[in-house]
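Trainee: Attaching a predicted model along with its sequence, questions to come.
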Amino acid sequence: MTAPTIGVLALQGDFEAHAAVLRRLGADPREVRTPTDLDGLDGLVIPGGESTTITLGIEREGLAEPLRALASAGTPVLGTCAGLIVLDRDHLGVLDVTTRRNAFGRQLASFEADLAIDALGGAPLHAVFIRAPWVEDRGAEVEVLAEVDGHPVAIRQGNVVAVAFHPELAEDDRLHEWLLDRAAARSASTARAEIRRVA
Ligand code: GLN
């Protein structure tokens, strides 16, 4: 089995920390800066950072349409913090949600919390929040995985998981593992389809 190639959008933000986690888990991370960098990816991470800067970069590089196409083709995507904002209705429109930036206010600019996420099983996930957004409004297809103070901070819509915190900063790789499991399942079913086609 070859290592899955996982793109990390590398326009701004903490993409290197995500690449390090992916490498540690045996994947082959690829920094994504232009549309051709998306070719043949098995999965994609949109990291935290500054959503305004990342969005400007997406526009500048002509990445909006290719990113939407990648997500709607079923490629697993993990968005974190600013990545959640970038995926929402007001930005790429991949997720049927609106988000509120810096939602926890000045006093709570940064905090940590242990989140019970049933879908991940096991112990609560330790989550580091840094000027985090929350999900303000969501469509029926959006599943809430975790909340803080009644506000969704981890969601899933089909092949896309997005969280308001920074999983790459905690010593818990379960969200990145979800991405890799999903990427492996997808390439296995593509391979089966290929075998059927050839047979
Ligand atoms: N506050 C940032 C924004 O609105 C997100 C913060 C983060 O990604 N840590 O873009």
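Mentor: Here it is on my side, so go on. Numbering: from 1, shown residues only.
Trainee: helix or strand for the residue most central in space within the chain, which one?
Mentor: Centroid check for the chain by CA atoms, centre = their mean gives Leu78 as the closest residue, at 1.7 Å. Taking DSSP states H and E as the definition, Leu78 sits inside strand 77-80.
Trainee: List the strands paired with that strand, with their directions.
Mentor: Note on strand 77-80: by DSSP bridges, its sheet partners are strand 43-46 (parallel), strand 160-163 (parallel).
Trainee: Reformat these as TSV; add mean pLDDT, distance to the ligand and mean neighbour count.
Mentor: Quick note: C-beta positions are derived from backbone N, CA and C, even for glycine. Below are the strands paired with strand 77-80 laid out as TSV (pLDDT from 0 to 100; distance: least, CB to the nearest ligand atom, whole Å; neighbours: other CB atoms under 10 Å):
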stretch	mean pLDDT	distance to the ligand	mean neighbour count
strand 43-46	98	10	28
strand 160-163	98	11	26
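Trainee: Can you tell me what sits against the helix ranked longest in the chain?
Mentor: Longest helix in the chain, counting residues (DSSP state H): helix 174-198. Residues outside helix 174-198 that contact it (CB atoms under 8 Å, 6 or more residues apart in numbering): 1, 4, 6, 18, 21-22, 25-27, 42-43, 45, 74-78, 80, 119-120, 122, 125, 159, 161, 163, 167-168.
Trainee: May I see the buried residues of the helix or strand of the chain with the lowest mean pLDDT?
Mentor: The helix or strand of the chain with the poorest confidence is helix 174-198; it has a mean of 86 (mean pLDDT, DSSP states H and E). Residues of helix 174-198 classed as buried by neighbour count (16 or more other CB atoms under 10 Å): 174-176, 178-180, 182-184, 186-187.
Trainee: ok, so of the residues you listed, who is nearest Ala146?
Mentor: Of all the buried residues of helix 174-198, Leu175 has the smallest distance to Ala146: 11.0 Å, by CB to CB.
Trainee: interface residues of the chain facing the ligand?
Mentor: Proximity of the chain to the ligand is confined to 48-51, 81-82, 85, 101-102, 130-131 under the rule CB under 6 Å from any ligand atom.
Trainee: Turn these into CSV, including pLDDT.
Mentor: Shown next, in CSV, are the residues of the chain next to the ligand (pLDDT from 0 to 100):
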residue, pLDDT
Gly48, 97
Gly49, 97
Glu50, 97
Ser51, 98
Cys81, 98
Ala82, 98
Ile85, 98
Arg101, 96
Asn102, 94
Ile130, 95
Arg131, 95
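Trainee: can you give me the strands in this structure?
Mentor: Residue ranges of the strands in the chain, as given by DSSP state E, are 5-9, 28-32, 43-46, 77-80, 97-100, 110-115, 125-130, 134-138, 143-148, 151-157, 160-163.
Trainee: so where is this structure shaky, pLDDT-wise?
Mentor: Residues of the chain meeting the criterion pLDDT under 70: 1, 106-108, 199.
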